[in-house]
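S.K.: no sequence on this one, just coordinates:
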């Protein structure tokens, strides 16, 4: 960005806030301001009186404003604005007259000397579509008449063009006060479509296209549809029977339907199902992602909070505020403050990087992730595209993007203690006396140790005289001894060479045992039958990575990584030996680096039977490897028995206090993020690079929305919490048209499988246009009028005839509207991954409806520096809960859930795919889960009915909500007779009818 | 400008995507799909290509009639399939491919202009020569490390790109950047893009297979073969000589008679249900997917059956080597060839795995002790890889197979302070290509005198994949998928075809 001011300055309604930037002392005023129930400035300040201008200039200005500016904005500025293609910037008179790399772009009065005209008249520019004759004439005339420019730079965002959205983009406009079309346009035979406002909107569009809707769905299908839609689970046969009966009875059909809707919305299953939708939108994932991808075990409180919020019908406005600033709203209320986990439940790179340039880039990526998710989830704006340059397609500037950067700059991923003030006080009161005792004991111990150490140094010389041999050498340590027969040889580590108190964590790249005599052989070789045992570091995804065998494999490029102090070597047979040679770094490549940690204090023992051991060598007469080891030896040589006893006592008491402290339950600590003061000032990063700071930015409202939604602009030293709260309040301001539009569309999307805008998180130029714009705005207004509560909106939508119509296919209608976007039918759908798994568990009678708490796992979690997730071949009853309670790690796709398109939450998923692949068939046919559930279902049926035919009938009711016809019954009967009822159950679990809802 | 070229007339889809397209109308074609399905049984091709509705419709309007997923390309391809060999951990260009005599000449001296500079793991020491000499190979005399004597025989067929650069110095993001063109997770890997672009060439096998090393998954694991935002069917299917495709086998508790009878009843129930729901193409797609799965159950074990190969082949690859890691990788190399031979479009083959945290043991990440580390890794990598290339060539497969060798970044010319290893270097490293469409014996681009930075013909991952797609018959700027605000590409918004390494440059 060259001239960042330019992008916004000429906008008619100044997009940045009215009023001056606040001084540091004025942030209190912001608080007051924000504390008020939405008091956004919506009015444009009156233009200051202009001095009279000569009539000719007025005329030119008018010509420019009406003819030239739209032309330049629409056809030229895309490249010759902030992009400076060819060095040319046509936004101001000065830059336009300066010309570009090829020369004078515009010579006032002389079109033929102007390169702009030359390129345009040659048809070279604009490159994709030349100017029309009329446009070209305007351009020529303008240059001829002196190329008038106003004082303010042109704003490339001032109007929507063929290539991009401007401030006048549909989704940025205020909500229309749309009235449903008049009911009398609906013909009499469709009179039941007249009452509901939604139906009137939908019918009108259908009529425009010469289409009519379907008749109502049958009560049975409607009940099933409603259950899945509102709770994600099938009705039980009993529920289905009851509700179908009532819905079929004309005298109470309507009241029964409404009663059913209310019941389902009141069911805790509702929050589990719709909460899961929301978790998609906000890329909720329970591992850090990236290389380490460490699992996060304390993020489930946020999942529970989302489910609870939906079940309680918390106003969405409140949810947004809590997501962005719950800690500010209620610092002492964990159930509210947990909302900020929204900010940190995305992936981030925590591998650690010493390179400062890369570190800054990684931090910028982390904040970018938060910016993008926030923009897309609440506003349906791809603000992330403003990171490196102004958004290519939407009127979002780099300043906008970095004002959000300044807003989120204090957010850190990680845990925060979540407790009320009372809980904190209580805990502190219990801790204090113990901590005092601990301090007291530690002090005494330190004094005692110091006294011994002082004595030890005095008599050091005598002890040191016994250390005659060189210290152990990582490259090669040899211990020779008198020849003796042995079958077993062991190395016992008493201290590693890096830490006198550690007995393991060293490595041995090779351990050799040599025979005595004239022709010595190394008999400790795996390939000649020797064995090595010793606890080793575990890498569960590669079992033998560091095994003890690697110490006797004859290969110094591989090593045993000890996890215990002893390496035991068993020779194939008894040999007479006189030497062992061992090392941790035979090549010497590692030097003193801890990567090749070696034994520092050790002894070597041999045995004939593996029972009786004889020491043949030790490090005791060697020089110590390090000063710390020297001190340790002297200490041990000096300490008196009394002192040793006292020291042991102190250690014992210290351990006791430590365990008492540990016994006081810690305050809950959840993955909700930490907030540090945002150390400004913040700048635009030119080209997205933290190494190229540009213009300074402060948190402020998005320019393009400010005229409608109101604006704010915080001081550059505004507190971190105020930044997030200001943004949150602005997002949910009643004047902000995008938030309710996006929300209403999401609801519609999940009810009908497709939004009025088909790109639920992108209401910009690249997104789709609304199929029913007025309906969308009408629904958005309903969001406001229902106080941002979702349940009334669900009720509104599902009670429409549009929703209640049949899904049957009509080829005549399909010819006009193949995807039933206009809703001439209810669009049928395949169940989502969670619904499929939940359904299988439900029909098998195994679904465990316990809510909340830590999630279950369908993978084995392996961690060895980085994390690996291995899908489980068998899963137990602890996994028989609803899939929303699966611990949702990133890059850990598992079987059924992954095959049926559960998103890998690397990004937000505003809309799931629904694919069909043979992998689904393989999983559903062959994974143990299907077999277990088929078995469970067959046992259930055997319990519920005695005759085979009845069992099959009951199975049909459970799986499909209907009874079989003759041929179906016969086929199932034959299969059951030959291969058992379980075979039939397996077929049902694999069948289409189970996983499709119409 | 271009007419569609059908890459493989025998091509049939092996699976159908029946999900809803991302945006806007799909109207005409999907309507036809519905009708064909309803009228003529299973109009698989149409069903299957619906997924790309928006992207393809746009292209149809502006560019002619290329349709994804049908074996069609933008222009005549040179390669029909891709083998990507990936050595994760940041395989050192300076110790394998990019000889720098100055490292010997100035050994122990600071790197001029960057004394004591800080990189991924911290401070760097002085310049460190490669522990092994480089030797000339082939007619071209291209010099590569003497640690790779088998691969040295192939240098005449290889186009080295010595000026690769990455955006990140971290393994995880680096690997997925090298595989997806983006350093953050969630984007489709090159194999997934190709699966989307071409569809399958073999009904009975996956289109895109990832073969992880026996030592485990590469850094960032499954994200390396992810479908990202593309439909799930484009994900890399994981298999190796050690591990069959997941859930492939019929459970032991189910007899083949029960399986057959069950499938019959399933077919009957599904067929009746589908008949009762005309115009609902997903139902038919799912019926067909069960048939395809059954065929895959027969084909996949066949392709994994390495014992069908003659002893001479096993010897060539080294599948019986006493070094168990080498033997395991060799078996994966042999599996890769069998997959390519049978029409798998994209095989991603890993040699080594993730970061161990104890340095250099599981992969090429030699921070502390380069010499023993690489004396461990090179023998595992060298012979089996060279054998695979030899075998592809002798079978004529190299004529239409593009081979890629990749790693996520290179290593520093200096030793890490206090060690004899090298830190990560994203500013200059080597990758290479060979096979269909690629000129052999070429060295393109260069790092500076010390190998610290790419200075000549600096190349990005996007250039690399622009070239790969070009060889496969695609204009990388036109292979797109709408996702969250943008028509996304494998090459992001960048990429230049490296014409200098193409065998036929007339078409660029």
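M.R.: Nice, I can see it. If you're wondering where the values come from, they're calculated on a predicted model, not measured in any experiment.

S.K.: flag the shaky bits of the stretch 51-200 of chain B, pLDDT-wise.
M.R.: Per-residue confidence of the stretch 51-200 of chain B (counting by pLDDT under 70) places the weak regions at B:51-64.

S.K.: for residue B:279, see how far away residue A:687 is.
M.R.: Residue A:687 sits 51 Å away from residue B:279 when distances are taken as CB to CB, to the nearest Å. For the C-beta atoms, the positions are set from N, CA and C on the backbone; glycine is no exception.

S.K.: okay, the two: which has more neighbours?
M.R.: Shown here are residue A:687 and residue B:279; by other CB atoms under 10 Å in any protein chain shown, residue B:279 has more neighbours (20 against 13).

S.K.: surely that one meets residue A:814?
M.R.: Yes. The criterion here is CB atoms under 8 Å, and residue B:279 meets it with residue A:814 at 6.2 Å.

S.K.: ok, the residue of the stretch 701-850 of chain A found nearest chain B - contacts?
M.R.: Taking CB to the nearest CB as the measure, the stretch 701-850 of chain A has residue A:809 as its residue closest to chain B, at 3.0 Å. Counting by CB atoms under 8 Å, 6 or more residues apart in numbering or on different chains, residue A:809 makes contact with A:825, B:34, B:277, B:278, B:279, B:280.

S.K.: what's the longest helix in chain A?
M.R.: As far as residue count goes, and with DSSP state H defining each element, the longest helix of chain A is helix A:421-458.

S.K.: what about that one, average pLDDT?
M.R.: Over the span of helix A:421-458, the pLDDT mean works out to 94.

S.K.: what does stretch A:691-705 give?
M.R.: Model confidence over stretch A:691-705 averages 95 on the pLDDT scale.

S.K.: swap in stretch B:284-297?
M.R.: Model confidence over stretch B:284-297 averages 92 on the pLDDT scale.

S.K.: just the buried positions in it, please.
M.R.: The neighbour-count criterion (16 or more other CB atoms under 10 Å in any protein chain shown) identifies B:284, B:285, B:286, B:287, B:288, B:289, B:290, B:292, B:293, B:294, B:296, B:297 as the buried residues of stretch B:284-297.

S.K.: now do the helix or strand hosting residue A:119: which elements does it pack against?
M.R.: Residue A:119 is part of helix A:115-121 when elements are defined by DSSP states H and E. Identification of packing neighbours for helix A:115-121 by 3 or more CB pairs under 8 Å, 6 or more residues apart in numbering or on different chains; DSSP states H and E yields helix A:133-144.

S.K.: so whatever helix or strand comes next after the helix it packs on, near chain B or not?
M.R.: Once helix A:133-144 ends, the next helix or strand along the chain (criterion: DSSP H and E) is helix A:197-208. No. Interface with chain B: helix A:197-208 contributes nothing (CB under 8 Å from any CB of the partner chain), its closest point being 14.2 Å away.

S.K.: any idea how far residue A:214 is from the residue of the stretch 701-850 of chain A closest to chain B?
M.R.: When CB to CB is the yardstick, residue A:809 and residue A:214 sit 9 Å from each other.

S.K.: what of residue B:102?
M.R.: 77 Å.

S.K.: what's the answer for residue A:556, then?
M.R.: In this structure, residue A:556 lies at 76 Å from residue A:214, with CB to CB as the measure.

S.K.: kindly report the same for residue A:193.
M.R.: Distance, residue A:193 to residue A:214, by CB to CB: 11 Å.

S.K.: now for residue A:583: which residues touch it?
M.R.: Taking CB under 8 Å, 6+ apart as the criterion, residue A:583 is in contact with A:473, A:474, A:475, A:476, A:477, A:508, A:509, A:510, A:556, A:598.

S.K.: state the pLDDT value of the residue in the stretch 401-508 of chain B positioned nearest to chain A.
M.R.: For the stretch 401-508 of chain B, the nearest residue to chain A under the criterion CB to the nearest CB is residue B:485, separated by 3.0 Å. Note for residue B:485: predicted pLDDT of 76.

S.K.: swap in residue B:36?
M.R.: We note a pLDDT of 34 for residue B:36 in this prediction.

S.K.: go on, the one 3 residues further on?
M.R.: The score at residue B:39 is 30. That number is its pLDDT.

S.K.: could the contacts of residue A:809 go into CSV alongside secondary structure and distance to residue B:306?
M.R.: What follows is the contacts of residue A:809, written out as CSV (DSSP: H, G, I helix; E, B strand; the rest coil; distance: CB to CB, whole Å):
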residue, secondary structure, distance to residue B:306
A:825, coil, 53
B:34, helix, 44
B:277, coil, 45
B:278, coil, 47
B:279, coil, 47
B:280, coil, 43
